[in-house]
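Student: Here you go, sequence then predicted model.
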There are 2 protein chains.
Amino acid sequence: MNTTFEIPKATERRMILLMNLLDSYTEDKITSVDISRQTGWKDSVVRHDLWLLKKSAVESAETTINFDGVSNGYRTADLREAINQALGLEIQKKNCCIVGLGRLGAALLDEKLTEDSPFVIKAGFDSNVNRVEILRSNFPLYPAHEMNWVIKQEKISLAVLTVTDKDAQVMTDRLIAAGILGIVNMTRCVLKVPPEVKVENLSIINALKIVN
Amino acid sequence: MNTTFEIPKATERRMILLMNLLDSYTEDKITSVDISRQTGWKDSVVRHDLWLLKKSAVESAETTINFDGVSNGYRTADLREAINQALGLEIQKKNCCIVGLGRLGAALLDEKLTEDSPFVIKAGFDSNVNRVEILRSNFPLYPAHEMNWVIKQEKISLAVLTVTDKDAQVMTDRLIAAGILGIVNMTRCVLKVPPEVKVENLSIINALKIVN
C-alpha cells in the first residue's frame, strides 16, 4: 500500500484474492455481479470494494487507468492494473527471506512458491548451522547470526517467520534491527513490532481455531 | 464460536493470539494495560475486546466464570477459560485432515504441529497414489478418492488445504460433500463455499502482498 488514501484491510485481502481470480479469467470485461458469483462475496460488498479502489485510483496522482462504468462492467486489464497500483505491487519485485528452516521453513525453500508473484526469495536463515549446511535450495542459506548484513546487502524488505514459538520475538527484533518492514508470522505468537512494521499472522493452528 | 452473541472476527483473532500469550504467562492476574504492553495493541482495543468477551460470557447460559474487575485485572485462569468458551474450544479435540501432500502439505505431516492444541490430525490425502505410499507420518495417508468415507468415519470436521491452485476448488467441493465445516486455505485461490462452511485464507504469497 503506497497510496495516500488508505484501503481497509478487509478490502485489501479481497482485492488480493480477486487478483488471483483475474489471473485465470479469460473475458475482456467483468462486472461486480460476475465477481460476486465467482467469489461468493455479497454483491454490495464487491461494489463497495470497487468504489474504494476507484477512490484510491483517483486520489493517486500517477493513475492513467480508465476505471469507469459500473453497469457495463470493468475492463479486466484495467481492474488488474488498478489493484496492483492500489496495493503497491506494480513496481519491481520485492526481496524476501525465510527465517527458521525447520520442517515448515524447509518446505518453503522452493522457487515454485514465488513463481508468478511479485516476490523473490533471496535468503534463508536458521540458528542451527548444521541445518543451513545440509539443506539444499536455489538461494543461499545462512546461519542466523549473519542476518543483519545479508538483509541489508540483499535489500530484503520482507520476511516469512517459521521459527519455533520461543524464538519468535528474538528473531523478530533482529529482523527489525536489520531493516525488515513486513513479516509473515507463521508462529502462534503475538509479535511486538514498531508501527512502521507490518505483520500478517498466518499460524495454521490459530487459523484452525478461527474456522472451528 | 458457538455462543449466541457473535464476537467480531478481529476480536476473535486477537483473543486467539492472547491465548497463546497467556500460555506462557506466569502471573495470577493480568490487566488490560499488561496485555496492551505485551502485545502492542492499543489499550482501548484491549478493553473493548475484553468487554465483548464479558458480554459473550454473560449471554452464554452455561458460564460459571467470575469475570469481573477491570481496574484490578482479571484472574489469568478465568480469562483463559472465558476465551476458550467464547471460541468454542473448551470441549473435546477436533479432528482435522491435510489435503494435498506436496512440499508444504508433507511438511505438515508432523505431530508437533498440533501439540498443545485442541486439534488432532487424523488423515492426509493426495491425488497422487505414489506420494501417499512413499511419505511417512504418524497418521494414515489415503488417495484423494477415499476422502469421502474417511472423513465421515473419522469424524473429521476441519481441513488444511495445501493442494495446487488448479485443484483448490475441486478438492473444496469434495471436502464439503464429505461434511467438512472449516477449511484453512493455503492456496492463493478464492474458495466458493456454502455459508455454513468457514474458510480462513492462509496463502503465504497473499500475506506477503498484505505486509508489502
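Tutor: Looks like it came in fine.

Student: Buried residues in the longest strand along chain A, which are they?
Tutor: Counting residues, the longest strand found in chain A (DSSP state E) is strand A:119-126. Neighbour-count burial for strand A:119-126, counted by 16 or more other Cβ atoms under 10 Å in any protein chain shown, picks out A:F119, A:I121, A:K122, A:A123, A:G124, A:F125, A:D126. All C-beta spots, glycine's among them, are computed from the backbone N, C-alpha and C.

Student: what pairs with that strand, and is each one parallel or antiparallel?
Tutor: strand A:94-99 (parallel), strand A:141-143 (parallel) (DSSP bridges).

Student: Lowest mean pLDDT among the helices and strands of chain A, which one is it?
Tutor: In chain A, the helix or strand scored least confidently by mean pLDDT, DSSP states H and E is helix A:111-114, which has a mean of 84.

Student: in that helix, what counts as buried?
Tutor: A:L113, A:T114.

Student: thinking again about what came up before, quick one: which of the strands paired with strand A:119-126 is nearest A:N206?
Tutor: strand A:94-99 (18.4 Å; Cβ to Cβ).

Student: Name the SS class of the residue nearest to the spatial centre of chain A, please.
Tutor: Taking Cα atoms, centre = their mean as the criterion, A:V184 is the residue nearest the geometric centre of chain A, at 7.8 Å. At A:V184 the chain is in strand, as set by DSSP: H, G, I helix; E, B strand; the rest coil.

Student: In the sheet, which residues pair with it? Tell me.
Tutor: A:V160, A:E200.

Student: Only C-alpha atoms, please: export stretch A:115-133 in CSV.
Tutor: The C-alpha trace of stretch A:115-133 is given here as CSV (Å, rounded to 0.1, in the frame of the first residue of the first chain):
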residue,chain,number,x,y,z
GLU,A,115,6.5,-18.3,-9.2
ASP,A,116,4.3,-15.7,-10.9
SER,A,117,4.4,-13.5,-7.8
PRO,A,118,5.9,-10.1,-7.2
PHE,A,119,8.4,-11.6,-4.7
VAL,A,120,11.8,-13.2,-4.9
ILE,A,121,13.3,-15.3,-2.0
LYS,A,122,16.9,-14.1,-1.6
ALA,A,123,17.9,-15.9,1.6
GLY,A,124,17.1,-18.5,4.3
PHE,A,125,18.3,-18.3,7.9
ASP,A,126,18.5,-20.7,10.7
SER,A,127,20.3,-20.6,14.1
ASN,A,128,21.3,-24.3,13.6
VAL,A,129,24.5,-24.1,11.4
ASN,A,130,24.3,-27.8,10.5
ARG,A,131,20.8,-27.4,9.1
VAL,A,132,22.0,-24.5,7.0
GLU,A,133,24.8,-26.7,5.6
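
Student: Need the contact partners of that stretch.
Tutor: For stretch A:115-133, contacts defined as Cβ atoms under 8 Å, 6 or more residues apart in numbering or on different chains pick out A:23, A:89, A:93-102, A:105, A:108-109, A:111, A:113-114, A:135, A:137, A:139-147, A:150-151, A:154, A:156, A:158, A:163, A:167, B:205, B:208-209, B:212.

Student: Okay, domains of chain A per the record?
Tutor: A:9-86, A:94-211 (automatic domain parsing).

Student: So which of those domains is nearest B:D34?
Tutor: Using Cβ to Cβ, those put domain A:94-211 closest to B:D34, at 12.7 Å.

Student: next helix or strand past the longest helix along chain A?
Tutor: The longest helix of chain A (DSSP state H) is helix A:43-59. Proceeding N to C from helix A:43-59, the next assigned helix or strand is strand A:74-75, under DSSP states H and E.

Student: Check whether the helix or strand following that next one comes near chain B.
Tutor: Following strand A:74-75 in sequence order, the next helix or strand is helix A:76-86 (DSSP H and E). No. Contact of helix A:76-86 with chain B (Cβ under 8 Å from any Cβ of the partner chain) is absent, the minimum separation being 9.8 Å.

Student: With mean neighbour count and mean pLDDT added, can I get the strands paired with strand A:119-126 in CSV?
Tutor: Output for the strands paired with strand A:119-126, formatted as CSV (neighbours: other Cβ atoms under 10 Å in any protein chain shown; pLDDT from 0 to 100):
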stretch, mean neighbour count, mean pLDDT
strand A:94-99, 25, 96
strand A:141-143, 18, 96
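
Student: which one of these lies closest to A:A177?
Tutor: A:A177 sits nearest to strand A:94-99 of all the strands paired with strand A:119-126, at 13.0 Å, using Cβ to Cβ.
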